[in-house]
Each structure stands twice: as C-alpha cells, then as structure tokens.
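**Q** Okay, sequence plus prediction incoming.
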Amino acid sequence: MFISTEDENMSLPLANGKVLESSSPIGSNPDSNDDESSKEIPSTFTDVNVVQEDEKFQLEQRILNLEGEIASLRHKERYLDEKRREALNKILDIKGCIRVFSRVRPFLPTDKRRTHQPISVESEKIVVRSGGSRKEFEFDKVFPQESIQENVFAEVEPIIGSALDGHNVCILAYGQTGTGKTYTMEGSTQSPGIILRVLQELFHLSSLGSSISFTFSISMLEVYLGSIRDLLAPRPSSRKYTTSRCNLNIQTDPKGSIEIDGLTEVEISNFTKAKWWYHKGRRVRSTSWTNVNETSSRSHCLTRISIYRYGDALGGKGEASKLWMVDLGGSERLLKTGATGQTLDEGRAINLSLSALGDVIAALRRKRAHVPYRNSKLTQVLKDSLGDGSKVLMVVHVSPYEEDVGETTCSCTFAKRARAAECNRELSEESKKQREKRIAELEEQRKEAEAGCTELNTQIQKAEFLLSENKRLFMRKYQPLEDEETFPITPKENVAEVTVTPRNSEKGLKTNVTNSVPRFMSSTVASRIRETTAEKEIHSRPKSLRSWARSSMQISGSQSNSFDHRFSTQLRTSNKRSRYSETHTIAGDIKCNDDSDIKPSVLPQSKVIAPSDPKPKRPLAHHRRRMSDLL
Ligand SMILES: Nc1ncnc2c1ncn2[C@@H]1O[C@H](COP(=O)(O)OP(=O)(O)OP(=O)(O)O)[C@@H](O)[C@H]1O
C-alpha cells in the first residue's frame, strides 16, 4: 500500500499494511497562516520520514527474520540428511560393504547344449552338481535364469544413494567368458543394463528437491594388456591419438585419492548426453571373436561417474565421490577359448588381473594391514573405491552348461573369497532374524528422515522466495539509484560474480559490497566462520578439487535456488570462455555444438572436453578384430 504526500507526490509503503489516510500534516494546524510555520520543515515530512524509517526498519527486520528462519530450516535439514545418510550407511554396512550377487545365464536360443543342467538355485544359493558331488555357494542374492534386467537393477539401486551421499562405489561384473557380464552391465536396446539404468537414476535422484546440488561427469577407460586406454579420447584419426589414448599413468594424491593422468572427463548434464558418451566409449572397447563368445571382451572396461555435491546443506563444503561400473574381462580357460597369439596374451592378462583383484578383495575382507593393490593396473585404478568407506557390489556370472562346471566352481569360489565376513552364512537363524529386523528399523528411519528433508526443503524454498521478494522491495524502495544497474541482482549475487574474477581482486570487491549494504546484507558471524572454514579446507584439499570446491563454497553463500541456478549458469559461461581454447585443443576434432556441459572445475590431471554432436557415428572399432584377422 502506498500514500502520496501532497508536496512531494512521492509514494511510500506503509508498515504492516496500515493506510495513512490524511494528506494534511499531522500535528500542525491546517487553518494557520503563520508565515513562520511555512518556513519550518512541515511536520508531515517529519512524520512521513518517521513512517518511512519505521517501514524500512520493519522490512529489514522481516528480511533478517526470514534469513534466520532459513538458516534454522537448513540446520534441521542438515541434521535430518545426516540421519538419513547414517541410516543408509548402516543398512549397507549390515548387509556388507562387499556384497556379492550371482546371475545364471539363460540358455540362448542358438544353443543346443541343454542336455543336463548342473546348476540349480535355492534361496540365495547356487548348487553345483558334478560327477556325484554337490557344492553349495551362498550369495547375498542369486538371480536365476529367468531374471530380467529390472530384477538385477532393483538390487543395485540402494548403492546409488550411497554414491550420491559421498561414498565411493564400485559395481563389478565378474565371470567366465560368455556368461553375460556385458549383457548385465550394458544390456541391449530393449533391455538396458546396469550402467544406463544407474545413469538414469542418478539424474532422477539428483533432480528431486534438495538443498544439495550435483554435477556429474563421465570417464571411460579399458585396462588392456596391462595398460590403461582412454575410451573417450579424440578419434583415432587425430595425431594425438596414440599418445593421448594409451598407457595412462595412475597418480595417488596425499589423501590416497586416485587420479588417472590425462584421462578424458566429460561433464554430463542430462541422461541423453550421458548415454551418448557412454555409447561412444563402449564402441572403442577391444573385443574379439573366440570359440566361446562371438564378441568376447578382451579387456576390463571401466566407466567412472564423478559426482560433485555442493550446497548449503553441506555447510558450505563441496564433496566429490566416484561411482565405478566395471565390466571385467572374462576369466577363461585358455585352451577352451581356442585363443592363440594376441588373443592368448589378452586372456592371460585378464586372468592375471582378475586374480590380483581376488587377492585385494580377500585382503580387504580379512582386514589385512597390507592390501596388494600394486599387483595390477585394475586394482591400482580402483584402489580408492574398493577399500575403507567404499561400497562394492560384485555380480558373479555363471554358465548353465555341464561342460562349464569347472569354471562355474572357480567363479563361485572367487565369490566366496570376496564375500564380507559378516555374511549370512556365519549367522544363526536367530541372528539372521535380528539382522533383518534391524535393517527394517533403519529403513524406516531412513524413510522418515527422507520425508522430513523433502518437507523442510519445500519450506526453505517458500521462505527463500519470500526473502528474495522482500529484498527486491527493499532495493526498489531504499536503494533505487545506486543499485539501479545491478537490480534485480541481490548483494549475494554480487558476491557470486566475484567468484569468476581473478582471486586477487576478490577481497576488494567483497569488501566494497559489504560496506555499502544494509545490515541484513552483510555477512553474519556464522557465515563468515563458514566461509573461512571452507576456504581453509580448500587450501588443504588436493589441487585437483580446489577450483571446483572454491566455486561451491561461494555457491553455498547464495540464498535462493533460482540464484544458485543463475550463478551456476554464470559460472559455466565464464568457465566456458576461459577454457574454450583448452577445450578446443584437447577435443581435437570432436565437434562441439553444446558447450553448456563444460565441466565447472578441472581436475588438472584429466582432460575435460566438451560434448560432441549427440548423433552416434559409425562404430570406431579400432581395436576390434576377429580371430580370422589374425590367421
Ligand atoms: N541374461 C541374459 N539374457 C539374454 N541373453 C543373455 C543373457 N546373458 C547373456 N546373454 C547373451 O549371451 C551372449 C554372451 O553374453 P556377453 O557377451 O554379455 O558375455 P560376457 O560375459 O560379457 O563375455 P566376455 O567375457 O567374453 O566378454 C550374448 O549374446 C548375450 O546377449
């Protein structure tokens, strides 16, 4: 509501919606013709000034209250989110940090060898019968032949939440060659496998209302004959191909985090782009024909999704985690596969690294002081995603055929080594029941906390909307001239703009902004502490994460979601500009038609490239060859 003063014809908001009816000066005599009185400042002005001051104060107060309310809601949200994460973590810990599933491949329509089936499935057990002997192998979950991709994914799904919560996660497909590892991980067009479903779920979960924002990026590599190859590097036609794609080095930072030198990393902003990049990478993977599988994978194919979390709910801190999805090369009896020459070498290399993986997992399970990661490239790459605090899920694939009983037994024995110590097998029936009860309780707690977080998030969004409206009103009324140019950008947004300017100028600009603003706009003690802590963390952080974390720290200073969005856009645009030349060089001849995905931070040891035209091109098949080619 506004009133007009007779003399100045200026509009002013009335506090608490009250209307000042009279246009005559309050407290003065309207009939008086006293000349002196006309020389004095009319009391109307004084009253109007008082009203104006009062309104200004009230508006400021309202803004401060809203800020307080938002801070308190965020605090509650953080608490509930912590509870949710704790409950999920406990559930996964009870279930085992290394979980092992088994999937039995169905008979294929093309196969006639169905005479006698040596494998049977009994509640989470695989029973292998051969030559009068009977062996039982217990798993956390067994998928019989008739299982479909959805059944498998339903069991994988909870671990995705863990990855989003900041844990490193590793999903591995293990098994004899031709038993369906690639089918499980990659699937077909009609029945997509774990990788695409995980990607879809990541985008889905991250889009649900939360104060935490996520960015994802994808990298793909294969461990081939003991060396690491970048599957998303520029095309083979590029001159840089040989040097950039092959034999990458593995680096460990002081905190034990693993980074691969020069590995291409692409920011994926949506599922379609993620899918496109994944298909691009997998087409380059080395495959070959063997007696056992027409398109046998000759390497271990690793897909890494790097997850970056940031937002106020994390108290201004940014976090990064990795989600590895690994289609291991098939363990094989070299005689049986009919491999010779290079294919034989590939088979040997695969077997050696699988055995190294088995040793690592067994050492972790037994909590040995020494874990032999260094014995293969595969285990070196996965080092920080197999050990402490990580969640590992292995799907062991077995063949339904009689003649594969030997390999099936080997695979199941491998799985037995890998299973967590606290697996069901060692528990009595009573303990199992208690364990299930505890899991149900925790699941209940997790759901409650999750619902609470969603509710709080809605409240925060409402309060943030009111806050931004009140701030706009304040700016319009009381700072119209000096802020005309920047309006409707709030002071926080000004701070955000500072993040994209060189670090040297940051302080000065921040100080200026702070000095010229009303008290609700200057940082509170809490926010200053938060910023200082975040800054300290950034400087103690590995170099690779700093640039990103710095941005996220300042993002956390924002107070509205819409602002977060605008800020990210600004940041991206800025990063895009500053890295354009780098992107261009690295991407080589990869065509960029949408550079909005350029990663907001650069892991210095990795190449970051802009996405290409999302129209899949002809398979590159550079390493693809058939046995016939070798003869
Ligand atoms: N659950 C399944 N349902 C239908 N077909 C399957 C299933 N599992 C595997 N197959 C089929 O079996 C064949 C071999 O599977 P796949 O290539 O996935 O095996 P693999 O274990 O990855 O082999 P390798 O280790 O040699 O790469 C493929 O034709 C695949 O489509």
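**A** Perfect, I can see it now. This structure is a prediction, so every number in the text was calculated from the model and none was measured.
**Q** Around the residue in the stretch 1-150 of the chain that the ligand sits nearest to, how many other residues sit close by?
**A** Relative to the ligand, the nearest point of the stretch 1-150 of the chain is Arg105 (4.4 Å; CB to the nearest ligand atom). Just so you know, the C-beta spots here come from the backbone N, C-alpha and C atoms, and that holds for glycine as well. Arg105 has 22 neighbouring residues, counting by other CB atoms under 10 Å.
**Q** dump the residue contacts of whatever residue of the stretch 401-550 of the chain ends up closest to the ligand.
**A** For the stretch 401-550 of the chain and the ligand, the shortest gap (CB to the nearest ligand atom) falls at Ser411, measuring 10.7 Å. Counting by CB atoms under 8 Å, 6 or more residues apart in numbering, Ser411 touches Tyr174, Gly175, Gln176, Thr179, Ser331, Val396, His397, Val398.
**Q** quick one on the thing from earlier: what's the distance between the residue of the stretch 1-150 of the chain closest to the ligand and His397?
**A** 6 Å (CB to CB, to the nearest Å).
**Q** Find residues that contact each of these two.
**A** Contacts common to Arg105 and His397, judged by CB under 8 Å, 6+ apart, are Thr179, Gly180.
**Q** Assign Gln117 to helix, strand or coil.
**A** Put simply, Gln117 is coil when judged by DSSP: H, G, I helix; E, B strand; the rest coil.
**Q** quick one: it and Pro400 touch, right?
**A** Yes - in terms of CB atoms under 8 Å, Gln117 counts as a neighbour of Pro400; the distance is 5.8 Å.
**Q** With neighbour numbers in mind, choose between the two.
**A** Taking other CB under 10 Å, Gln117 and Pro400 do not tie; Pro400 has more neighbours (21 against 13).
**Q** Does that one lie in a helix or a strand, and which?
**A** Assigned by DSSP states H and E, Pro400 belongs to no helix or strand.
**Q** unless I'm mixing things up, it is touching Val104, no?
**A** Yes - using CB under 8 Å, Pro400 is in contact with Val104, at 5.8 Å.
**Q** shared neighbours of these two, which are they?
**A** Common neighbours of Pro400 and Val104 (CB under 8 Å, 6+ apart) are Ile119, Gln145.
**Q** Can you give me the buried ones in the helix or strand encompassing Ala349?
**A** Applying DSSP H and E as the criterion places Ala349 in helix 341-365. Within helix 341-365, the residues scored as buried using 16 or more other CB atoms under 10 Å are 342-343, 346-347, 349-351, 353-354, 356-365.
**Q** That helix vs the ligand: in contact?
**A** No - counting by CB under 6 Å from any ligand atom, the ligand has no neighbours in helix 341-365; the shortest distance is 8.2 Å.
**Q** Could you name the helices and strands sitting against that helix?
**A** In terms of contacts (3 or more CB pairs under 8 Å, 6 or more residues apart in numbering; DSSP states H and E), helix 341-365 is packed against strand 98-104, strand 213-224, helix 334-337, helix 377-381, helix 383-386, helix 405-418, helix 627-630.
**Q** burial measure for Arg283, as a count.
**A** Using other CB under 10 Å, Arg283 has 17 neighbouring residues.
**Q** Are we agreed that Gln145 is in a helix?
**A** No - with three-state DSSP as the criterion, Gln145 is assigned coil and is not in a helix.
**Q** just to revisit the earlier point, between the contacts of Ser411, which is nearest Glu259?
**A** For the contacts of Ser411, the closest approach to Glu259 (CB to CB) belongs to Tyr174, at 25.1 Å.
**Q** helix, strand or coil for the closest one?
**A** Three-state call for Tyr174 (three-state DSSP): strand.
**Q** again with Thr182
**A** Thr182 is classified as helix under three-state DSSP.
**Q** Name the nearest residue to it, ignoring sequence neighbours.
**A** Once flanking residues are discounted, Thr182 sits nearest to Asp327: 5.5 Å by CB to CB, 6 or more residues apart in numbering.
**Q** That neighbour touches Gly180, doesn't it?
**A** No - between Asp327 and Gly180 there is no contact under CB under 8 Å: 10.6 Å.
**Q** Show me which of those two is the more surrounded one.
**A** Using other CB under 10 Å, the more surrounded residue of Asp327 and Gly180 is Asp327, with 27 against 23.
**Q** List the contacts of the more buried one.
**A** Ala173, Lys181, Thr182, Met185, Glu186, Ser297, His300, Cys301.
**Q** quick one: it from the ligand, how far?
**A** Asp327 sits 7 Å away from the ligand, going by CB to the nearest ligand atom, to the nearest Å.
**Q** ok, that residue to Asp93 distance?
**A** Applying CB to CB, the value for Asp327 to Asp93 is 27 Å.
**Q** what sits against Leu302?
**A** By CB under 8 Å, 6+ apart, Leu302 lies in contact with Met220, Leu221, Glu222, Val223, Trp324, Met325, Val326, Val381, Leu382.
**Q** Tell me the secondary structure at the closest residue to the ligand within the stretch 351-500 of the chain.
**A** Distances between the stretch 351-500 of the chain and the ligand by CB to the nearest ligand atom are smallest at His397, namely 5.7 Å. Here His397 is recorded as strand under three-state DSSP.
**Q** Quick one: residues contacting the residue lying closest to it once chain neighbours are set aside.
**A** Nearest residue to His397 in three dimensions, chain neighbours excluded: Gly175, at 3.0 Å (CB to CB, 6+ apart). By CB under 8 Å, 6+ apart, Gly175 lies in contact with Lys181, Leu328, Gly330, Ser331, Val395, Val396, His397, Val398, Ser411.
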